[in-house]
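Asks: Need coordinates for the following:
(chains A and B)
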Amino acid sequence: MAINAEEVKHVAGLAKLAFSETELQKFTGQMDEIIKMVQQLSEVDTTDVPVTSHVTDAKNVLRPDTAQPGVDRDLLMKNVPDSQDGYIKVPAIIDESGEA
Amino acid sequence: MDYFKQDLASLHDLLVKKEVSVTDLVKETLTTIKERDQKLAAFLTLNEQAALDQAAKLDQQGIDPANILAGIPLAIKDNIVTKNLRTTAASKILENFQPIYDATVMEKLAAQQAVTIGKTNLDEFAMGGSTENSAFQITKNAWDQTKVPGGSSGGSAAAVAGGEVLAALGSDTGGSIRQPAAFNGIVGVKPTYGRVSRYGLIAFASSLDQIGPFTRNVKDNALLLNAISGLDPHDSTSSNQKVPDFAAGLDGNIKNMKIAVPKEYLGEGIAEPVKAAIKQAISTFEKLGATVDEVSLPHSKYGVPVYYIIASSEASSNLQRFDGIRYGYRAQDVKNLEDVYVKSRSEAFGDEVKRRIMLGTFSLSAGTYDAFFKKAAQVRTLICQDFAKVFADYDLILGPTAPTTAFGIGEDIDDPITMYMNDILTIPVNLAGLPGMSLPAGFADGLPIGLQLIANRFAENTMYRAGYAFEQATDFHKEIPAIGGQN
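Replies: As a prediction, the model looks like this:
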């Protein structure tokens, strides 16, 4: 096994995803196969090979720091799922359901 | 309007001479789409009223003879944002998303007075090779409705191949324009990385994504790429390289063009009818006066693992923005903020998107970063170097676009690895940022086979010239699927 259910659960936590037990079994199996497939890269000698993280020739694209009109607030709020008085509304950050 | 009897130039001519009004063209196009989409399911959203309003305005103004795209209905992949027109990326998480701005390509098309007729289906967030990963519907291949249209731009490809529109835009991260073009027997181009602005393209893997055109012939494709290319201050990875006229110099003359065929592209895993069609294409190019040699791209076999690490890592980062707060799906029945994030994402992302986010998060985690992400980024360098060596001596690389013709709907959907291997011939091109084209090169059991042409960075002209010469020398692009009503 390249990865087990506990590790998949840990990664899911980092990715802000949750899986049911059944899903976890299915994902662990598929993740395991995918990770084994990508592990074939270990056979390639990459000593002193630089990394490629992008393929543009551009370096440090700059523009003058001039003020430009921003986007209208009402427009920005157009797709907000829940709002009140022009603010985005979210549930409490602290879980108050099971307080001490 | 029978799009199988038109190209951009002929349709433009009809519009300029007012033999057809834009209003009638738009109406007829909508009628055809509604009829054929019962079988193809290519469109997610039609832009009916806005298209008709724009048509009325254009009819009043008259068509500018200098604007080849004026009044032409185009289909747009639904991961390209369109102001006030629902844009979903085929994901439940964006099911009701109304963009407040236009992608740069949409602004450019608007400047040319092209008409957006609707938004086309895709694999959710462009992740997939069959369009079966859409949260909303399964698009069918234009040639055989039991087969997939390919993906992720399957909706755009099926719409063009099925004669619903003359041209469409897609996006290509690992083959998502070229493979569906191959599966549907049309022309699809992924431009050089940086040629077309990505501003307003819903990001999947930012170092690989590129928008490009689908058409039924090479020249139309070049004309559409002309309209969408160029430097954009909104995308700092867009290039300041001069944009040539891609449609100029299409004269069929490719004498002495030096073409390379990587032996890996005709090796193991490539279906026999596909190999046969490509070998026939090679002899066509030789007859046209090109020289064709065998070369090697020794690291191309590592393209798939490199791609799945890099693309998934970039995706896991890009898709963090979908948190249920500012836009998109928000889960109900949540107790706290953490719940909003986790439940919204878990309920609204599909399985393939979750697999990629998971693989990406894993590849970037402490403890695995060096062995996965960094290793993949190093092998990516070797893949780029392979191509650079070949392009030191050759003008063009030729091979198949996909290892097989279109597969059956439902056949591979539960087998991610088999699905990923489908992109083995297209992925290296994205990793190296090169331009690639797929064009029709034959049929097997009634399904189209795609020929892939790959050029050096910013040498799309070479690719278009070669593609045009091949097209003029063959008849594959003249075949029409049964859904076109003429077989």
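Asks: Let me see the confidence value for residue 97.
Replies: I'll assume chain A. Looking at A:S97, its pLDDT is 60.
Asks: right idea, wrong chain: chain B
Replies: According to the prediction, B:F97 has pLDDT 97.
Asks: residues near it, how many?
Replies: Neighbour count for B:F97, taken as other Cβ atoms under 10 Å in any protein chain shown: 19. C-beta here means a position set from N, CA and C on the backbone, and glycine is covered the same way.
Asks: Let me know the distance separating it from B:A89.
Replies: Relative to B:A89, B:F97 is positioned 8 Å away (Cβ to Cβ, to the nearest Å).
Asks: B:P305 against B:A376, yeah?
Replies: Yes: the criterion here is Cβ atoms under 8 Å, and B:P305 meets it with B:A376 at 7.0 Å.
Asks: Give me the common contacts of these two.
Replies: A:38, A:41 (Cβ atoms under 8 Å, 6 or more residues apart in numbering or on different chains).
Asks: Could you identify the longest helix within chain A?
Replies: Ranked by residue count, the top helix of chain A under DSSP state H comes out as helix A:21-38.
Asks: Could you give the average pLDDT over the following helix or strand past it?
Replies: Later in the chain than helix A:21-38, the nearest helix or strand by DSSP states H and E is helix A:73-76. Taken as a whole, helix A:73-76 has an average pLDDT of 92.
Asks: hmm, who's touching the helix or strand following helix A:73-76?
Replies: Next in sequence after helix A:73-76, counting helices and strands by DSSP H and E, comes strand A:83-84. With contact meaning Cβ under 8 Å, 6+ apart, strand A:83-84 is reached by A:77, A:89.
Asks: Any idea how many residues pack against residue 26?
Replies: Just so you know, I chose chain A. Neighbouring residues of A:K26 were enumerated by other Cβ under 10 Å; the total is 14.
Asks: Chain B, not that one
Replies: Close neighbours of B:V26, defined as other Cβ under 10 Å, add up to 26.
Asks: how close does B:K39 get to chain A?
Replies: When Cβ to the nearest Cβ, to the nearest Å is applied, the distance between B:K39 and chain A equals 32 Å.
Asks: Help me confirm that that residue comes into contact with B:T146.
Replies: No: applying Cβ under 8 Å as the test, B:K39 and B:T146 come out as separate, 11.0 Å apart.
Asks: More neighbours: the two, which one.
Replies: It is B:K39, of B:K39 and B:T146, that has more neighbours when counted by other Cβ under 10 Å, with 14 against 11.
Asks: how about that one, what does it touch?
Replies: Neighbouring residues of B:K39 by Cβ under 8 Å, 6+ apart: B:140, B:145, B:483.
Asks: Point to the residue nearest the middle of chain A.
Replies: Centroid-nearest residue in chain A: A:A15, 5.5 Å away (criterion: Cα atoms, centre = their mean).
Asks: which other residues reach the lowest-mean-pLDDT helix or strand in chain B?
Replies: For chain B, scoring each helix and strand by mean pLDDT, DSSP states H and E identifies helix B:416-421 as the least confident one, at a mean of 84. Around helix B:416-421, the neighbours that count as contacts under Cβ under 8 Å, 6+ apart are A:30, A:33-34, A:37, B:128-130, B:269, B:304, B:308, B:352, B:355, B:403, B:412-413.
Asks: which SS class is B:S239?
Replies: Using DSSP: H, G, I helix; E, B strand; the rest coil as the criterion, the local structure at B:S239 reads coil.
Asks: Give me the neighbour count for it.
Replies: A count of nearby residues for B:S239, using other Cβ under 10 Å, gives 24.
Asks: Distance of it relative to chain A?
Replies: Between B:S239 and chain A the distance, using Cβ to the nearest Cβ, works out to 7 Å.
Asks: so who does that residue touch?
Replies: A:56-58, B:192, B:194-195, B:231, B:458.
Asks: from those, which is closest to B:S363?
Replies: Using Cβ to Cβ, the shortest approach to B:S363 within these belongs to A:T56, at 22.2 Å.
Asks: I figured the closest one was touching B:T237, is that so?
Replies: Yes: taking contacts as Cβ under 8 Å, A:T56 lies within contact range of B:T237: 4.9 Å.
Asks: shared neighbours of the two, which are they?
Replies: Here A:T56 and B:T237 share the contacting residues B:193-194, scored by Cβ under 8 Å, 6+ apart.
Asks: When these two are compared, which one has more neighbours?
Replies: More neighbours surround B:T237 than the other of A:T56 and B:T237, with 20 against 16 (other Cβ under 10 Å).
Asks: quick one: contacts for the residue nearest to B:I80 when sequence neighbours are not counted?
Replies: Closest residue to B:I80 in three dimensions, ignoring its sequence neighbours and counting by Cβ to Cβ, 6 or more residues apart in numbering or on different chains: B:A103, at 4.9 Å. Taking Cβ under 8 Å, 6+ apart as the definition of contact, the neighbours of B:A103 are B:80-82, B:197, B:199-201, B:211.
Asks: returning to what we had before: quick one: buried ones out of the contacts of B:S239?
Replies: Neighbour counting by 16 or more other Cβ atoms under 10 Å in any protein chain shown classes A:56, B:192, B:194-195, B:231, B:458 among the contacts of B:S239 as buried.
Asks: Which helix or strand contains the residue lying farthest from the centre of chain B?
Replies: Here the centre of chain B is the reference, and by Cα atoms, centre = their mean the most remote residue is B:K335, at 41.4 Å. When secondary structure is defined using DSSP H and E, no element contains B:K335, which sits outside every helix and strand.
Asks: how close does it sit to A:V80?
Replies: Counting by Cβ to Cβ, the gap from B:K335 to A:V80 is 20 Å.
Asks: Same question for B:N456.
Replies: The gap separating B:N456 from A:V80 is 46 Å, by Cβ to Cβ.
Asks: who's more crowded, the two?
Replies: Taking B:N456 and A:V80 together and counting by other Cβ under 10 Å, B:N456 has the greater number of neighbours (21 against 15).
Asks: Is the more buried one in contact with B:T462, as I believe?
Replies: Yes: B:N456 is within contact range of B:T462, at 7.5 Å (criterion: Cβ under 8 Å).
Asks: so how many other residues sit close to B:R36?
Replies: Using other Cβ under 10 Å, B:R36 is surrounded by 21 other residues.
Asks: now do B:A111
Replies: Residues within reach of B:A111, counting by other Cβ under 10 Å, total 11.
Asks: same question, the one 3 residues further on
Replies: When neighbours are defined as other Cβ under 10 Å, B:A114 has 24 of them.
Asks: For the residue nearest to it when sequence neighbours are not counted, which residues are in contact?
Replies: Distance criterion Cβ to Cβ, 6+ apart; nearest residue to B:A114, sequence neighbours excluded, is B:L69 at 4.2 Å. Shown here is B:L69, whose contacts under the criterion Cβ under 8 Å, 6+ apart are B:8, B:12, B:109, B:112-114, B:223-224, B:227.
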